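Visitor: Pasting a predicted model and its sequence here:
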Amino acid sequence: MPNDLDRPFYDACNEDRLVLQHCAACNRFQFPPRAMCPRCGNPALAWRQLAGRGRIQSRVVVYDSPVSTLIPDQPFNVATISLEEEPELTMLSHLPGVPVDKVPIGAAVEVFFEATPATGQKVPEWRLVS
Amino acid sequence: MAIPIAPYAWHRNREGLGIWEGRGRVVATGVGTSPTARRWDEKPESSMGALTILAIRRAIEDAGITPDEIDGIVLTPESTTGVSNDPNAPAPAGWDSVFKMADFPQAGITRGDIDWILLNMPELKNVEFKMNGPVCMSVAFTTAAEAVSRGLAKTCLVVRGWHNLAGRYYVGQGAAALDTAAGPGKYGSIFGMPACATTAMVFEEYCNKYGKSHEMMAPFIVEERRNGLMNPDGYYTQHRPEMITVDDYLSGRWIAKPANIYDNDLPIQAALAVIFTTPQLAAHHKQKPVYILNHAQTRPELQGAVPTLNEWERASDRMGRMLYEGAGIGPEDVSFENMYDGFTLFHQFHLEGLRFASRGEKRGYALDLYQTDISIEGPNPVSPSGGNNGNGRTRWWNHRDCILQIQGRSPSQITRPAEIGISGAHVPNFCDALVWAASAD
């Protein structure tokens, strides 16, 4: 559910674009969206589009999710994606199509956008680059 | 009036600050621990608040002082990391016939509150200094250390209680029961990760980088339970006095692989109170004073959805350097470490940041250390308290044990002389830690 702070992120998702906040003073991207740069306090953050490419940095296999709607899908992968432009910046992915517990660490991935069932709001997901 | 938190200037969160100005000016003496319970049975006399009052009375008695000597309280108001009630939710029937009510009905039930304590402990009639140490009792400890060292309180209680309501922790409750995600946790919650998953991800990265495995955690897990079962105040000793084995650990059900059930601490009800004072006033306390040589803080860089191995290693390395700089000691001076363990899979980040028992290694050595003698009888006692993993979730067994070890009365007393110990919590990039010592010299 978007709010005033993160609406540019979610609006861009609905247009199949990955945009994240960027602090010019630190030359650093950040995600999730925040009111200011946590490093320098700069509130004047710009929204910038990224290429939507990255690599799989780590993973877990979830067997005991607290989220009711996801419990029927257990076990499932969750991976951390390190972004090409900012390797310290991680996003999360279920890596759809990758067998459970077979996540290839270090593999190249690209973003795509999936509509969530409850509202139709698109969110970023990631898939292996073939 | 709202109870304040410590001013930012009290944080020791960067290198180059030199020896801590309060070094040797603050000591811990009395310790009071409540009984434990798995969940609240909704009776007022077993509530988190009741346990807190009991712990405070025990700490005062343990110190051998009178309640009117207490002039300060620092408290961690949050009493769970899981599901709580709205602060204004009504108290159960009969509550107000046992306790006086504070400004909000859940005070003493699902939230700690200094004013509620003072209303219900009339013997604490000289408390002038009141401050909250939010989120974690380690924040309360560092806040109280600053307060006493600055002369704002002379004899200060440090307090935290924990509640645990009925139902499965987090699972299918509150936001987790909805089919939409909102609020600050929404970016992660749509992926359905349990609380331990972030730690498991960074642990997996650690194993991949250094060629380690989850199985190598087993000796640490078993040793922690052994240490915890020596503690008469711990949850497992009181309610489930069962040792676990390596096989138990290796066959534990997965929560978020590579974190299994034994890598997750057990939520409980319990409370702890500790007395901080000056070395001069401690002269008439019953217990040996334990000096605080320094404290330090790390906070998250908040760049991505979850922290990276690099961030946790940077943060815990910096923590080690800050603690040693401000205390005027080095890793070779540390007798034991009691860094946080709940989740178990991040303990090694803390340990390596301190370079505890390092033979020159900087990173990637802790799981090898776990394969050696890390017992309380050995040369490198790792987590002698047993931590959350060995005693139940409180985030304070580790701090408590540093005091008891140095006083020579820990139920899991290390064999080597306990001269200097370090405790801190919680995650490596959001940690408040203290150096405790037998003397200021």
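Guide: Nice, I can see it.

Visitor: Going by C-alpha atoms from here, please, whenever you check contacts or count neighbours.
Guide: Will do.

Visitor: partners of the biggest strand by length in chain A, with directions?
Guide: Identified as the longest strand of chain A according to DSSP state E is strand A:53-62. Strand A:53-62 sits in its sheet next to strand A:76-83 (antiparallel), strand A:108-115 (antiparallel), strand B:254-257 (antiparallel), going by DSSP bridges.

Visitor: so how far is that strand from its chain's centroid?
Guide: 11 Å (Cα atoms, centre = their mean, to the nearest Å).

Visitor: Find the helix or strand that A:Trp126 is a member of.
Guide: strand A:122-128 (DSSP states H and E).

Visitor: got the residues of chain A near chain B?
Guide: Within chain A, the positions lying close to chain B (Cα under 8 Å from any Cα of the partner chain) are A:1-2, A:29-32, A:38-39, A:57-70, A:78-80, A:88-94, A:118-119.

Visitor: Give me the buried positions along stretch B:85-96.
Guide: B:Ala91, B:Trp95 (16 or more other Cα atoms under 10 Å in any protein chain shown).

Visitor: What of stretch B:344-361?
Guide: For stretch B:344-361, burial by neighbour count (16+ other Cα under 10 Å) applies to B:344-358.

Visitor: Now do the strands for the chain: every range, in order, please.
Guide: This is for chain A. A:19-23, A:28-30, A:46-49, A:53-62, A:76-83, A:90-93, A:108-115, A:122-128.

Visitor: oops, I was thinking of chain B
Guide: Along chain B, counting by DSSP E, strands occupy B:27-33, B:72-75, B:129-132, B:155-162, B:254-257, B:259-260, B:270-277, B:290-298, B:336-339, B:420-425, B:431-437.

Visitor: could I get these as CSV with distance to B:Gly386, mean pLDDT and mean neighbour count?
Guide: Listed next are the strands of chain B as CSV, based on distance: least, Cα to Cα, whole Å; pLDDT from 0 to 100; neighbours: other Cα atoms under 10 Å in any protein chain shown:
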stretch, distance to B:Gly386, mean pLDDT, mean neighbour count
strand B:27-33, 16, 98, 27
strand B:72-75, 23, 98, 29
strand B:129-132, 27, 98, 22
strand B:155-162, 18, 98, 31
strand B:254-257, 21, 98, 24
strand B:259-260, 18, 98, 25
strand B:270-277, 16, 98, 30
strand B:290-298, 20, 98, 28
strand B:336-339, 8, 98, 29
strand B:420-425, 12, 98, 28
strand B:431-437, 17, 98, 27
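
Visitor: Rebuild these as CSV, extending it with distance to B:Thr237.
Guide: Formatted as CSV, those follow (distance: least, Cα to Cα, whole Å):
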stretch, distance to B:Thr237
strand B:27-33, 14
strand B:72-75, 26
strand B:129-132, 31
strand B:155-162, 18
strand B:254-257, 25
strand B:259-260, 22
strand B:270-277, 14
strand B:290-298, 26
strand B:336-339, 19
strand B:420-425, 22
strand B:431-437, 26
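
Visitor: and stretch B:430-441, how far apart are its ends?
Guide: Terminal residues of stretch B:430-441 lie 30 Å apart, using Cα to Cα, to the nearest Å.

Visitor: meant to ask about stretch B:101-118, not that
Guide: End-to-end distance for stretch B:101-118, by Cα to Cα: 11 Å.

Visitor: per-residue confidence for the closest residue to chain B within chain A?
Guide: For chain A, the residue closest to chain B is A:Pro66, as judged by Cα to the nearest Cα, at 3.9 Å. Note on A:Pro66: pLDDT of 88.
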